[in-house]
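In: Have a look at this prediction, sequence included:
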Amino acid sequence: MSKRRLSRQQQHRIDKVQQERLARAQKKDAIIDEQINGELGAPEQGLIIAHYGATLDLQRDSTAGGDIIRCNVRSNLPAMVTGDQVVWQPDNNGGGVINALVERRSILTRPDVRGKLRPVAANVDRIIIVIAPSPRTPVNLIDRYLVATAHDDIHPIILLNKSDLLSKAPEMQQELDEYKALGYETHIASATEVDGLQQIQQLVAEGNSVFVGQSGVGKSSIINQLLPEEDLKVGDISQATGKGKHTTTTAKLYHIPSGGQLIDSPGIREFGLWHTSLNDLHKGFPEISEQSHYCKFNDCSHTHEPGCALKKAVEDGVILARRLESFLSIRDSLDEVDMRL
Ligand SMILES: Nc1nc2c(ncn2[C@@H]2O[C@H](COP(=O)(O)OP(=O)(O)OP(=O)(O)O)[C@@H](O)[C@H]2O)c(=O)[nH]1
Ligand SMILES: [Zn+2]
């Protein structure tokens, strides 16, 4: 078979797929138009607080007291997620149609089964990495979280919870000081004590926050205290499918009574263990990234080469040996991930 013939066939297939996609989009818009009877109110701003497949829940006026409206989305718009600000129009059945997406401050993404990055939550301002002396968060896991959360537009914070149990791993205070010296914002608190809760309330008082961290460090305890009126353990009723109770895996936005918003889902709490790129790796290790420019060889692997600036920086006490170890181990695990995608 000639090359030209093959490419014509391919072109035909592509055209067909595109035609089908267009037909589906037109059909979807026709259904939306039918549902709304052509009658729509004036455009308003709203905030997406949950998404269930094709439908989204938005909050009118983007404020805690605003009505929750179940909306459809016009087919020409990008995928929208919890935390997105949108322009929408009410229909006369208590629902609405989303017409436009307001520019995002930040976006958290996650690869789907095919490796394509999908948005998960929008406009996240800070990611709070919760660590604890018991179960003791391994220090290289803290590094991994810092890599995963290294995002130009999102502020990472390390929160050492269960300060009342610090005697079980007193060296964590020193580790926290080391992260502070690297430029990270760090806090130490006990979520089960009143002043600890107040400290955490202040941390999240503005904008959208996300909590991540390994199992048992106290994320649920913190979130349940921030949101005393929500019962987060109980699964949501899926109104989209009507199939009764199931625990939602989609991210939801909650207004915290003491101020600020929380975006949360079981998946988001494990965010630090999702994909990372080489670029993130360098952002998560700023002190190593800076020194690596001085290695003798451009492609230095920082393991055996003469003239390795990182090795020297460790000897001189400029870089912590454990940080370099962590960097190299995360880098090696990245190669595997990259090959899989
Ligand atoms: N001593 C002490 N215990 C705490 C503190 N915060 C949470 N805990 C306890 O730690 C245990 C685990 O807390 P969770 O809130 O379930 O931890 P988690 O991070 O949500 O864990 P997963 O749900 O598995 O992800 C519970 O028994 C809490 O009561 C604290 O500040 N001090
Ligand atoms: Zn080197």
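Out: Nice, thanks for sending it over. Residues are numbered from 1 along each chain as shown. Ligands and ions are numbered 1, 2, ... in the order given.
In: Buried residues in stretch 290-308, which are they?
Out: Neighbour-count burial for stretch 290-308, counted by 16 or more other Cβ atoms under 10 Å, picks out Q291, S292, C295, C300, H302, C308. The C-beta positions use only the backbone N, C-alpha and C, and glycine is treated the same way.
In: Farthest pair within these?
Out: Farthest pair in the buried residues of stretch 290-308 (Cβ to Cβ) is Q291 and C300. Separation: 10.8 Å.
In: And the helix or strand containing E178, what's buried?
Out: Here E178 sits within helix 171-181, counting by DSSP states H and E. Neighbour counts over helix 171-181 (16+ other Cβ under 10 Å) mark M172, E175, L176, Y179 as buried.
In: Just the closest of these to I188, please.
Out: Using Cβ to Cβ, the buried residues of helix 171-181 come closest to I188 at L176, 6.5 Å.
In: My read is that R144 contacts I330, right?
Out: Yes - the pair R144 / I330 is scored as a contact, 5.9 Å apart, by Cβ atoms under 8 Å.
In: Touching both of those two, which residues are there?
Out: Common neighbours of R144 and I330 (criterion: Cβ atoms under 8 Å, 6 or more residues apart in numbering): T276.
In: related to what we said a few turns ago, now for the helix holding E178, which elements pack on it?
Out: Judged by 3 or more Cβ pairs under 8 Å, 6 or more residues apart in numbering; DSSP states H and E, helix 171-181 is in contact with helix 139-148, strand 155-160, strand 185-188.
In: Check what contacts that helix and list those residues.
Out: By Cβ under 8 Å, 6+ apart, helix 171-181 touches 131, 133, 136-137, 139, 142, 146, 158, 160, 166, 186, 188, 320.
In: Most neighbours among those residues, which one?
Out: Counting neighbours by other Cβ atoms under 10 Å, the top entry in the contacts of helix 171-181 is I131, with 28 neighbours.
In: What residues are bridge-paired with it?
Out: Beta-bridge partners for I131, by DSSP bridges, are L160.
In: Get me the contact residues on the stretch 201-341 of the chain for ligand 2.
Out: Contact residues, the stretch 201-341 of the chain versus ligand 2 (Cβ under 5 Å from the ion): C295, C300, H302, C308, L310.
In: Adding secondary structure, distance to P228 and pLDDT as columns, could you present the residues you listed in CSV?
Out: Listed next are these as CSV, based on DSSP: H, G, I helix; E, B strand; the rest coil; distance: Cβ to Cβ, whole Å; pLDDT from 0 to 100:
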residue, secondary structure, distance to P228, pLDDT
C295, coil, 53, 95
C300, coil, 53, 93
H302, coil, 49, 94
C308, coil, 53, 96
L310, helix, 48, 96
